[in-house]
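**Q** A predicted structure for the sequence below; I have some questions about it.
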Amino acid sequence: MKTSKLAGLAVLLAAGFAQAQDVKLNAIVEVWYTQMLDNNLRLDKAEPNGYMSNPSLNAAFKENQFYVRRTEIYLGSKIGDTLSWNIMFDPNNSGNASTYGNILNDAFITWQPTKDFSLKVGQFKPLQTWEASMKGSAFVNFYDRSMHARYFGDKRDRGIVATYGFGDPKGFSGKFNLGFTNGNTDDGSAGKSNDSNAQKDVVSRLEMSYGTDHNFGVYYREGVTNLKDSTMVAGTGWSGAGYVTVPSNTQILDNKDKTTNLGAYYVYETSKWLGSVEMINGLLGRRYPSLYDTTTAAVKRQHLDQKFLGYTLTGIYKMGNHWITARYDYLNFNQGDDWYTATNPYTTTVATGAATGNDYSPKYTEAILGYNYIFNPAKATFAKFKVNYIHRSKNFLQPRVGQTGEQGGDSIVAGIMVGF
């Protein structure tokens, strides 16, 4: 039998299998055009601390660009009454492997023996942040998710989650989720791989609602390093210019790069209004290794117990096809201003490579004003045109040679998203 005939037979078999299982297919395509309003950024440099460089400094920081943001394809099916599977992949990720990993985003199996209890196992977003883990891409009403959602929530990990539902859907109801995941990602990578570390992260989320208008909840994550104790003890701690006091090997080992998230959210949504607030804090931990990187000399994390804080406020007014949107976004990677150097590492030439006097504290803000045209208000997630003006704080980018002063880089981003 020729190869073409074998391929044709495989297609027919796959089609028959899909029909027998009633496989559901959905997809989303989103395309941007970005225009930065500071033409000095043609040869821009990343912000000096490295916290936001990748992946959070996305295409919206280019001077101007046509950009394919998403090409997400969803497949799923139920097998009997209690078992189902879901897959989501994005072929667009193949050109961004260092940032997003492989093209497979979600791949999990769900067993639901009763209406109130389920188990999910596989690769998925591990319960962190409301915007990233509970709202799909079709619900994103701005050029992209908030900074803390992109950085802490829009990730994947592999593990298992148990969910228990309770209450009356027409009144007060909720779900409690508890899971264990590999935790092998440092949150600067995609987390779509197997791991070799023995420890696992604990993730949890309590999500509640009152009627259809009010949704609120809390979530938590905790983990430690994926390094062996021997690897951590062999390290020399932090060293380099400006570091007069550094943690000992014993302190590094005892800390184990502990990583935590603790967040809460509230969302109010009607046919006319959407308002939300979300906040997250915790320890940076293994997101930035405790050992000084002698290859890149990039410490980034300034203290073993360095804390972060992020929050976002959103308001949307819906007028049929026309939505007015606004968002304020804040993310501080060193909330306690903790460091081991004799002077502030974010304002000196040694730490930033920029002229003394510039403040590159990792405290980033975005204020966004936008407009959405909804092609079909009855199906708002199916197709929308979005345009956003983004006003950024001035510490996102540092000057290139010949420039003076911080370079924030305000942008206008226009995009169209279509799905089915």
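**A** Perfect, thanks for sending it.
**Q** pretty sure Val413 contacts Trp32?
**A** Yes: the pair Val413 and Trp32 passes the contact test of CB atoms under 8 Å, sitting 5.7 Å apart. Using the backbone N, CA and C atoms, a C-beta is placed for each residue, glycine as well.
**Q** shared neighbours, the two?
**A** Residues touching both Val413 and Trp32 by CB atoms under 8 Å, 6 or more residues apart in numbering: Ala60, Tyr143.
**Q** for the helix or strand where Ile28 lies, list the C-alpha coordinates in CSV.
**A** Using DSSP states H and E, the element containing Ile28 is strand 24-36. This file holds the C-alpha atoms of strand 24-36, laid out as CSV (Å, rounded to 0.1, in the frame of the first residue of the first chain):
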residue,chain,number,x,y,z
LYS,A,24,-15.1,19.5,20.2
LEU,A,25,-12.9,21.9,18.2
ASN,A,26,-12.3,25.5,19.0
ALA,A,27,-9.7,28.0,18.0
ILE,A,28,-8.5,31.6,18.6
VAL,A,29,-6.4,33.8,16.3
GLU,A,30,-5.1,37.2,17.5
VAL,A,31,-3.0,39.6,15.5
TRP,A,32,-1.4,42.9,16.8
TYR,A,33,0.0,46.0,15.4
THR,A,34,2.2,47.9,17.9
GLN,A,35,3.5,51.4,17.7
MET,A,36,5.9,52.8,20.3
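**Q** so which elements touch that strand?
**A** Judged by 3 or more CB pairs under 8 Å, 6 or more residues apart in numbering; DSSP states H and E, strand 24-36 is in contact with strand 64-79, strand 411-419.
**Q** including distance to Tyr268, mean neighbour count and mean pLDDT, could the ones you listed go into CSV?
**A** Putting these into CSV (distance: least, CB to CB, whole Å; neighbours: other CB atoms under 10 Å; pLDDT from 0 to 100) gives the following:
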stretch, distance to Tyr268, mean neighbour count, mean pLDDT
strand 64-79, 27, 16, 92
strand 411-419, 24, 20, 95
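**Q** wait, which of the ones you listed is closest to Thr314?
**A** With CB to CB as the measure, strand 411-419 is the member of the helices and strands packed on strand 24-36 nearest Thr314 (16.5 Å).
**Q** just give me how far the closest one sits from the chain centre.
**A** Strand 411-419 has its C-alpha centroid displaced from the chain centroid by 19 Å (CA atoms, centre = their mean, to the nearest Å).
**Q** compute the inter-axis angle for it and strand 64-79.
**A** Orientation of strand 411-419 against strand 64-79 (axes from the mean of the first three to the mean of the last three CA atoms, to 10 degrees) gives an angle of 30 degrees.
**Q** residues near the residue nearest to Lys272 when sequence neighbours are not counted, how many?
**A** Counting by CB to CB, 6 or more residues apart in numbering, Lys272 lies nearest to Lys318, which is 5.4 Å off, once chain neighbours are set aside. Using other CB atoms under 10 Å, Lys318 is surrounded by 20 other residues.
**Q** same check, this time on Lys115
**A** Look at Lys115: counted by other CB under 10 Å, it has 7 neighbours.
**Q** that one against Phe166, yeah?
**A** No: checked against CB under 8 Å, the pair Lys115 and Phe166 is beyond contact range at 10.8 Å.
**Q** circling back: just say helix, strand or coil for the residue nearest to Lys272.
**A** The three-state assignment at Lys318 reads strand, by DSSP: H, G, I helix; E, B strand; the rest coil.
**Q** equivalent analysis for Ala138, please.
**A** Ala138 - assigned by three-state DSSP - is helix.
**Q** and the closest residue to it other than its chain neighbours, what is it in contact with?
**A** In this structure, Ala138 finds its nearest non-sequential neighbour in Thr381, 3.8 Å apart by CB to CB, 6+ apart. Listed by CB under 8 Å, 6+ apart, the contact set of Thr381 reads Gly136, Ala138, Phe139, Gly419.
**Q** ramachandran coordinates for Thr381?
**A** The phi/psi pair for Thr381 (degrees, to the nearest 10) reads phi -90, psi 0.
**Q** local confidence estimate at it?
**A** On pLDDT, Thr381 comes in at 91.
**Q** and Arg158, by the same measure?
**A** 90.
**Q** before we move on, what about Asp90?
**A** Asp90 is given a pLDDT of 90.
**Q** the spatially closest residue to Gly285 that is not a sequence neighbour - how many residues pack around it?
**A** Using CB to CB, 6+ apart and skipping residues adjacent in sequence, the residue nearest Gly285 is Thr259, 3.0 Å away. Thr259 has 21 neighbours, counted by other CB under 10 Å.
**Q** ok, Phe117 next?
**A** If you count neighbours by other CB under 10 Å, Phe117 ends up with 12.
**Q** for it, which non-adjacent residue is spatially closest?
**A** Residue nearest to Phe117 in three dimensions, not counting chain neighbours: Tyr164, with 5.5 Å by CB to CB, 6+ apart.
**Q** do the same with Asn332
**A** Lys363 (4.2 Å).
**Q** neighbours of Asn261, just the number please.
**A** By other CB under 10 Å, 26 other residues sit near Asn261.
**Q** doesn't Ala60 lie inside a strand?
**A** No: applying three-state DSSP, one finds Ala60 to be helix, outside a strand.
**Q** any idea how far it is from Asp410?
**A** Using CB to CB, to the nearest Å, Ala60 is found at 10 Å from Asp410.
**Q** so between those two, which is more surrounded?
**A** More crowded of Ala60 and Asp410, by other CB under 10 Å: Ala60, with 24 against 15.
**Q** okay but that one is in contact with Phe396, surely?
**A** No: using CB under 8 Å as the test, Ala60 is too far from Phe396 to be in contact (10.5 Å).
**Q** overlap in contacts, the two.
**A** With CB under 8 Å, 6+ apart, Ala60 and Phe396 have no common neighbours.
**Q** rewinding a little: reformat the helices and strands packed on strand 24-36 as JSON lines; add distance to Tyr340.
**A** Shown next, in JSON lines, are the helices and strands packed on strand 24-36 (distance: least, CB to CB, whole Å):
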{"stretch": "strand 64-79", "distance to Tyr340": "39"}
{"stretch": "strand 411-419", "distance to Tyr340": "35"}
